[in-house]
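Novice: predicted model and sequence below, questions to follow.
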Amino acid sequence: MLPAPPRRPCSPMSLSHHHPAFELIAALRGASCPSSALRLYSLLRIRVRPTDPSRFAWRPAVLVLKPLSAAASLPLLSHFHAHLLRSNLLAYPHVASSLLRCYSLLSPALAHHLFDQIPPSTCNLVVVNVMLGSLCRSSDLASARAFFDGIPDKDVVSWSTMLTCYFSHSRLAEGLAFFRTMTFTTQLAADYVMLVTVLTGCASAGLLPVSCRAIHGYVVRREITFTMHLGTALINCYSKAGRLDYASRVFLRVPLRNVMHWTAMICGTAVHLGSEEAIRLFEEMSLSGVQPNEMTFTALLSACGHAGLVDQGRLFFELMVDKYGLEPTIHHYGCIVDLYAKAGKLEDAYKVIKAMRMEPNTIIWSSLLAACKKFKNFDIAGEGMEKVLTMEISEENSGLYALISDLYAMGGRWEAVIRVRRLMEERNVRKIRGSSSIKVGELTYWKKIRMVHGDDLRAYEYIIN
DNA sequence: TTAGGGTTAG
């Protein structure tokens, strides 16, 4: 029989700095590698027993689970899981939800299995929401939605998690409708995290600035805390919707502009005013004493790629590593590969892929392969094509199959062309034709667009979505 | 700042 977790939170006194575990807890919070976290945890176990009637009882376990999930080691996690079972710590919802989250990132199937074993007394809404998040990341949209529908007292996190699920499955219109359903049919108010999700969805859908203004209005009317993320998301949304003027108005009104606000503004500026102007803004940011982060360099490298500024891009990459000591992520490599590839420097692009410290993904390969097709270089494409065919290709990247098939045809490798076609049939890939969309009032028109004079768009062959 | 949801490359 598990001891019941304390029903009431402990009094502030028991959380005071005088608790013998306080310093160890602080050290554990800062621990990033699992071995040091586990060492501190063992020391803590001597000071804090699981029966300790304070929040200290479960906190060490929660804190140790963070570095443990980052280490991505299933054996280590199941070892700690066994300890949690032995010491009855899993009876605390805080511990159960943290463990479930760890499993969901490493093995969704094991997460599901663990969830089924959590007793009702422990399975509160947080635990259920973690499970929903796990389903959203690992399962299909319909299963996640069915689980969501079964949650009795949903809170804003439940709705927010489900909304993210729609967007991550590229179901933007349904996601926005889902958001409207929450605001119209429940008493729940969207908080700033949910609004960041909505704004990001609007931005990626390229909706008219009206949607951004509507969300902006919601933020103002409901007096929602104007956090850094919310400010950044608004700037992004406005600039992606083509209203750099509104974006900069938000930017200028942010009281403490930090690196994220600047980066969002640099992105928008690169698109609307060009790379030179974006680089100028970066210099202005540096002069104002704000340090760039990895996302700032992603924005700059991407801007250089669009403008074909190969040397400038390479300089930024070096600056990022040498001056700012930032480790290049897969996004930076992606930008650099694209930069070289678009400029026709296919060998340089390929060298970057070879030198990467992580496994290149389908986005990176498709940059290279698209350029190989454009510059009619079949030789460099070879290894990439074989590699990509062994990888999982998401539905939105299904164009990769056609690209590879074209490249093989270009090289006269007809047996490989047939192999790719067969693979497409086996994997049930539908050919998705290129399309564009615009939004007019409440309707989205998917169509081919022909530019007539500047902004004058004449649409034909449209299908109302 | 304290178990759960949110931002970057084609």
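Specialist: That came through, no problem.
Novice: all strands for chain A, in order.
Specialist: Using DSSP state E, the strands of chain A run over A:436-440, A:443-453, A:456-464.
Novice: so who does A:S239 touch?
Specialist: Counting by Cβ atoms under 8 Å, 6 or more residues apart in numbering, A:S239 touches A:A247, A:A264, A:M265, A:C267, A:G268, A:T269, A:V271, A:H272. Heads up, the C-betas are built off the backbone N, CA and C, glycines and all.
Novice: pretty sure the last one contacts A:Y246?
Specialist: No: counting by Cβ atoms under 8 Å, A:Y246 is not a contact partner of A:H272; they are 11.7 Å apart.
Novice: between these two, which is the more surrounded one?
Specialist: Under the criterion of other Cβ atoms under 10 Å, the comparison of A:H272 against A:Y246 puts A:Y246 first, with 19 against 16.
Novice: now the stretch 301-450 of chain A, which segments are flagged as low pLDDT?
Specialist: A:431-450 (pLDDT under 70).
Novice: rerun at 90
Specialist: When residues are selected by pLDDT under 90, those of the stretch 301-450 of chain A lie in A:379, A:382-384, A:391-399, A:425-450.
Novice: what is the burial count for the one residue in it that gets nearest to DNA strand B?
Specialist: As assessed by Cβ to the nearest atom of the strand, DNA strand B sits closest to A:G334 within the stretch 301-450 of chain A, at 2.2 Å. When neighbours are defined as other Cβ under 10 Å, A:G334 has 24 of them.
Novice: quick check: residues of the stretch 251-400 of chain A near DNA strand B?
Specialist: Within reach of DNA strand B by Cβ under 7 Å from any atom of the strand, the stretch 251-400 of chain A has these residues: A:260, A:294-295, A:298, A:302, A:305-306, A:329-331, A:333-335, A:338, A:361-364, A:366-367, A:370, A:396-397.
Novice: filter these to the buried ones?
Specialist: Buried by 16 or more other Cβ atoms under 10 Å: A:260, A:294-295, A:298, A:302, A:305-306, A:331, A:333-335, A:338, A:362, A:364, A:366-367, A:370, A:397, out of those.
Novice: looking at the residues you listed, which are in helices?
Specialist: Residues of these located in helices (DSSP state H): A:260, A:294-295, A:298, A:302, A:305-306, A:331, A:333-335, A:338, A:362, A:364, A:366-367, A:370.
Novice: what about A:E174, neighbour count?
Specialist: Residues near A:E174, counting by other Cβ under 10 Å, number 15.
Novice: residues touching it, list them.
Specialist: Contact analysis of A:E174 by Cβ under 8 Å, 6+ apart lists A:Y166.
Novice: and the pLDDT at it?
Specialist: If you check A:E174, the pLDDT there is 90.
Novice: then A:H17?
Specialist: 50.
Novice: for the one 10 residues further on, same thing?
Specialist: Model confidence at A:A27, given as pLDDT, is 84.
Novice: and the gap between the residue nearest to it when sequence neighbours are not counted and A:F22?
Specialist: Excluding its sequence neighbours, the residue lying closest to A:A27 (Cβ to Cβ, 6 or more residues apart in numbering) is A:L40, at 5.5 Å. In this view, A:L40 and A:F22 are 13 Å apart by Cβ to Cβ, to the nearest Å.
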